[in-house]
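*Asks:* Sharing a model that was predicted from the sequence below.
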Amino acid sequence: MGRITETVKVLIIINVLFFVGKLTIPDTADRLFSLYYFENGNFKFWQPVTHMFMHADFMHILFNMFGLYMFGSPLEARWGRNKFLFFYFSAGLGAALIHTLVNYYNFSSGLADVMAAGISEGGAYKLMADYISNINVFGTASNMDLPSGVDLSSLEQMTNGFAVPALGASGAVYGVLVAFGMLFPNVPLMLIFFPVPIKAKYFIPVLLGLDLFSGLTGYSLFGQGIAHWAHLGGALFGFIMAYYWKKNSFNSHRWD
């Protein structure tokens, strides 16, 4: 392990402070700082930034901050503070954008399917509220008595797009990971549960492929509740920036 750089250290400290705040006032912190769908009443204009500092639990923040330390420090050492900060927040905002676009598609498609069954838009929103209530009370919505023609999967798709917030530094960290792989392609990396070293130039595409598979199929090897499209969005924006800078040989002193 290398030395942690100053900007990465500050980012980790801010993430930890947000996490402590979430433990203190969990509902308020999630409502204010996680990223909600833009038509949801809980959405605030600062959430595309603040959601990068929110985490669901200890393991969530541990893995993200370890990734930020491992892959962010070499990038900051190579690029300098300002360029690294620009990159990090741009990747995080890119993750938020792609995640929101996918949510828009899911919500719109689910709403259209529900309304195709003859349900009004207001009725569809009421069904969504009933779905959320059933999940909160029973842990499942399979016991709901749905109107004829309404499919539970469409209602779930609509609800997930509209009501489930995103949180975590994963999108920004994925951007950092991709840039690390472009600058240090032959450094060996490994997963904890698959401790076989693989060069970054092979390891990272496989990891992104797993996220793409999970995003398209809904089946995840790493558990549920993961914003796979946010990961891919951060990786995409990270790749675009790192590729452009590498191709044009940006001088780090331009960012001082």
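*Replies:* Great, that's in hand.
*Asks:* going forward, measure contacts and count neighbours with C-alpha atoms only.
*Replies:* OK.
*Asks:* Strands of the chain, residue ranges please.
*Replies:* In the chain, the segments counted as strands under DSSP state E are 188-191, 194-199.
*Asks:* Assess the claim that residue 164 and residue 38 are in contact.
*Replies:* No - applying CA atoms under 8 Å, one finds residue 164 not in contact with residue 38, separated by 11.6 Å.
*Asks:* Closest to the centroid, which residue in this protein?
*Replies:* The residue at the geometric middle of the chain, judged as the C-alpha nearest the mean C-alpha position with CA atoms, centre = their mean, is residue 230 (3.8 Å).
*Asks:* which residue packs closest to that one, ignoring adjacent ones?
*Replies:* Counting by CA to CA, 6 or more residues apart in numbering, residue 95 is the residue found nearest to residue 230 once chain neighbours are left out, at 4.3 Å.
*Asks:* quick one, what contacts the one you found?
*Replies:* Under the criterion of CA atoms under 8 Å, 6 or more residues apart in numbering, the contact list for residue 95 reads 171, 172, 229, 230, 231, 232, 233, 234, 235, 237.
*Asks:* list the buried ones in stretch 79-90?
*Replies:* Neighbour counts over stretch 79-90 (16 or more other CA atoms under 10 Å) mark 79, 80, 81, 82, 83, 84, 85, 87, 88, 89, 90 as buried.
*Asks:* show me where the stretch 101-250 of the chain has helices.
*Replies:* When secondary structure is read from DSSP state H, counting those that start in this stretch, the stretch 101-250 of the chain shows helices at 121-138, 152-163, 170-183, 200-217, 228-248.
*Asks:* Would you tell me which one of these is buried the most?
*Replies:* Comparing the helices of the stretch 101-250 of the chain by mean neighbour count (mean count of other CA atoms under 10 Å), helix 170-183 comes out on top with a mean of 27.
*Asks:* what's in contact with that helix?
*Replies:* Where contact means CA under 8 Å, 6+ apart, the residues beyond helix 170-183 that reach it are 52, 64, 67-68, 71-72, 74-75, 87-96, 187, 200-201, 204, 230-239, 242-243.
*Asks:* swap in stretch 231-239?
*Replies:* Counting by CA under 8 Å, 6+ apart, stretch 231-239 makes contact with 87, 90-99, 170-179, 208, 211-212, all of which sit outside it.
*Asks:* Likewise for stretch 142-162?
*Replies:* Contacts with stretch 142-162, where a contact means CA under 8 Å, 6+ apart, come from 36-37, 39-40, 102-111, 113-114, 117, 127-128, 131-132, 134.
*Asks:* ok, 7 Å please
*Replies:* 37, 40, 103-104, 106-108, 110-111, 113-114, 117, 128 (CA atoms under 7 Å, 6 or more residues apart in numbering).
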